[in-house]
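Chemist: After the sequence you'll find the predicted model.
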Amino acid sequence: MSRGIGNLQRAILGTLAARPGGDVIENRYRRAWLADGVHDLRTVSHEMAKVMGGISHHDYVSGAWQASFSRAVAGLVRRKMIESISLVPLRDFETDYPARIEYLADGEYLNWTSRQCRFARVKDVSVMETAITLNGSAS
């Protein structure tokens, strides 16, 4: 039986609500800019780890933090509070970016084929705000 969302899940939702999204992702000195409202969860994890004490040494995120963050994100995806994206909308990208770019009628997309949830967007802002303000059960 579910007891509602946990403290870390609430913190993740609060962080996503406070950020505009549109993060910059880098791959071997090439950059791409995500569309507004799309978040790179590696960046979110690192930002939160700095604030919540999940940095181990030399500005690296600890393994325990990574595991906790991943479990919390998986729970939010399972509850349909955030959406894991595999076809990631881009605002812009450098021309020599790898061949993972898909050119569709409504814009350019990064084709992210991994079982890991790296890119996400908030599905419903009202549900997210309710989950943050309530102490517990929002599903």
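Modeler: Received the coordinates, thanks.

Chemist: Return the helix or strand in the chain with minimum mean pLDDT.
Modeler: Across the helices and strands of the chain, mean confidence by mean pLDDT, DSSP states H and E is lowest for helix 125-133: a mean of 59.

Chemist: give the contact list for Ala64.
Modeler: Residues in contact with Ala64 (C-beta atoms under 8 Å, 6 or more residues apart in numbering) are Gly54. For the C-beta atoms, the positions are set from N, CA and C on the backbone; glycine is no exception.

Chemist: List the buried residues for the helix or strand hosting it?
Modeler: Following DSSP states H and E, one finds Ala64 within helix 63-78. Buried positions in helix 63-78, judged by neighbour count with 16 or more other C-beta atoms under 10 Å: Trp65, Ser68, Phe69, Ala72, Val73, Gly75, Leu76.

Chemist: bridging residues for Arg119?
Modeler: Just so we're on the same page, residue 119 is Phe rather than Arg. Phe119 forms beta bridges with Asp40, as assigned by DSSP bridges.

Chemist: no no, Arg30
Modeler: The bridge-partner assignment for Arg30, based on DSSP bridges, gives Asn27.

Chemist: ok, it - how many residues close by?
Modeler: 13 (other C-beta atoms under 10 Å).

Chemist: again, but for the one 10 residues further on
Modeler: Applying the criterion other C-beta under 10 Å, we find 19 residues in the vicinity of Asp40.

Chemist: surely Met52 meets Ala11?
Modeler: Yes - if you go by C-beta atoms under 8 Å, Met52 and Ala11 touch, sitting 7.1 Å apart.
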